[in-house]
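Participant: this is the structure alone, sequence omitted:
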DNA sequence: CACAAAAAACTGGTCCTACCAGTTGGCAAA
DNA sequence: TTTGCCAACTGGTAGGACCAGTTTTTTGTG
């Protein structure tokens, strides 16, 4: 009694989930089109559609007419007030709680990435790093994020990917502006660059412990810098948290 | 601007769900055949099938080849609990990804608790610990959870509390059974107790590093024990995770 | 050259028809 | 009566045709 002849649609749903998990797909990432999946998995498009509907029912993906299907993220958009969002907005202190947790998780991500990154991961990390290094400080925010994301995904731990994504979207609600204010300082940017290089080298060389240490130091440094900024320029961060703030 | 042009399949899924709920259909009750529904609701059978797949994904119905679809006997409670979370359950590998993350965060929680716990925190931790130690192994699960929760909350980091709570509820979906199988082993329980004591003492004495180390070792030990169990008793865990498995 | 409009090339959404594959129940033959 | 087979259900799969949004490319201007 090996196993019951599982219906293909269910099996396909399961395989697509695996594609999402093993592929280290981040939330909001686009899933191959129905026709692509159909030909790639050698089943009819009907089956793919049924499988996708099941996954949608489970809350795994979201589908948009004409655009495609996307991996959903844990923390729903700000529209549905998540208890978290409400808790966090308005309490600057929580920002540092967030960074405290991020320090651990980014460290672990770097650690695991150093151990598990495959050729494709290393290529993506290298690309992100070189692009980021060459870019001007203004457009740096997204590239910085891309670099960190590449490392996180290279950890091949979907739980880590999703948790850090949640934390990130929480931070976006609060800090993005202040990071931008942080960046221009020449010395600060140079320190950040040095951190990034240290992380990059450790990961690509497979030095797990060094990578973990570097990533933790990086987050901690950002956190402490923000604390200083906050003390110096009271208004900036506080304004960001103002109820009406829009980013 | 009444409502967005909701896709027919989604609308049909909603209508069928209402047929089930408003119609007061009992669990195990057969719902009309796909062809019947199609003609009665004036849509193609494809749409019906996609809608039914979505309902299956939500756990509302179960479908059997040649027999029909039936209202799921599991309480279709308006869960609202974990949306994307369900992606993780059903993939054994993710369990260890989860534990991997938990190891870090429980460690950090213990570390922070050792630094920040106030008198009230210490009292709660002590109470939870003593109660747990005196309890019989059967009712241990909840007490164990209470103990860990007390420490996590003593970290005074709301982010940490929330994230670990999410992970915990994830694990409950998957492991509870196997942990129950794990618990009876006398030697295992004794080891666990020793871990708990080590964590307890470190936290209450304010030894942050020791607390962190102990908490990490604890989670890692649980994880490795489960791996062993999995190898020994292939069928138990594997069967639980089988795609077609119904629990 | 720059830029906006049009067109092609995507994406998912719906319908259809035919056929395969399990399940059930009734009817006929032993 | 009992056996066994054959419809007539049920869901499962395939693939084509077309509609309806989105994105990208091309093209026709200014």
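Facilitator: Everything's here; your move. Keep in mind that what you see is a predicted model, and the values were worked out from it rather than measured.
Participant: which residues sit in contact with residue A:148?
Facilitator: residue A:106 (CB atoms under 8 Å, 6 or more residues apart in numbering or on different chains). Bear in mind the C-beta positions are built from the backbone N, C-alpha and C, glycine included.
Participant: got the phi and psi for it?
Facilitator: In this entry, residue A:148 is assigned phi and psi values of phi -60, psi -40 (degrees, to the nearest 10).
Participant: per-residue confidence at it?
Facilitator: Taken from the predicted model, the pLDDT recorded for residue A:148 is 90.
Participant: please report how far it lies from residue A:154.
Facilitator: Per CB to CB, to the nearest Å, residue A:148 is found 11 Å from residue A:154.
Participant: map the structural domains onto the sequence of chain A.
Facilitator: A:8-71, A:83-241 (automatic domain parsing).
Participant: give me the neighbour count for the closest residue to DNA strand C within chain A.
Facilitator: Closest approach between chain A and DNA strand C, counting by CB to the nearest atom of the strand: residue A:33, at 3.2 Å. Residues lying near residue A:33 (other CB atoms under 10 Å in any protein chain shown) number 13.
Participant: ok, for it, nearest residue in space, not its chain neighbours?
Facilitator: In space, residue A:33 comes closest to residue A:68 once its chain neighbours are excluded; the distance is 6.1 Å by CB to CB, 6 or more residues apart in numbering or on different chains.
Participant: the one you found against residue A:30, yeah?
Facilitator: Yes. Applying CB atoms under 8 Å, one finds residue A:68 in contact with residue A:30, separated by 5.1 Å.
Participant: those two: who's more crowded?
Facilitator: Set side by side, residue A:68 and residue A:30 give different neighbour counts by other CB under 10 Å, the larger being at residue A:68 (14 against 11).
Participant: where does that one land on pLDDT?
Facilitator: The predicted local confidence for residue A:68 comes out at a pLDDT of 95.
Participant: center of chain A, which residue is that?
Facilitator: residue A:165 (4.1 Å; CA atoms, centre = their mean).
Participant: what about the closest residue to that residue other than its chain neighbours, distance to residue A:54?
Facilitator: On the basis of CB to CB, 6+ apart, the spatially nearest residue to residue A:165 that is not a chain neighbour turns out to be residue A:27, at 4.9 Å. Relative to residue A:54, residue A:27 is positioned 19 Å away (criterion: CB to CB).
Participant: next: residue A:226.
Facilitator: When CB to CB is applied, the distance between residue A:226 and residue A:54 equals 43 Å.
Participant: and these two? which has more neighbours close in?
Facilitator: Counted by other CB under 10 Å, residue A:226 and residue A:54 do not tie: residue A:54 has more neighbours, with 26 against 21.
Participant: quick revisit: which SS state does the residue nearest to residue A:165 fall under?
Facilitator: Taking DSSP: H, G, I helix; E, B strand; the rest coil as the rule, one finds residue A:27 in the coil state.
Participant: so residue A:216 sits in a helix?
Facilitator: Yes. Secondary structure of residue A:216, determined by three-state DSSP: located in a helix.
Participant: what about the closest residue to chain B within chain A, how many neighbours?
Facilitator: The nearest approach of chain A to chain B comes at residue A:57, 2.4 Å away (CB to the nearest CB). For residue A:57, the number of neighbouring residues by other CB under 10 Å comes to 23.
Participant: kindly report the same for residue A:166.
Facilitator: Neighbourhood size, residue A:166 [other CB under 10 Å]: 21.
Participant: which residue ranges form the strands in chain A?
Facilitator: Counting by DSSP state E, chain A has these strands, from start to end: A:30-31, A:61-64, A:68-71.
Participant: comparing those strands by mean pLDDT, which bottoms out?
Facilitator: Looking at the strands of chain A, the lowest mean pLDDT belongs to strand A:30-31 (a mean of 90).
Participant: can you list the neighbours in contact with it?
Facilitator: A:16, A:19-20, A:25, A:37, A:61, A:68-71.
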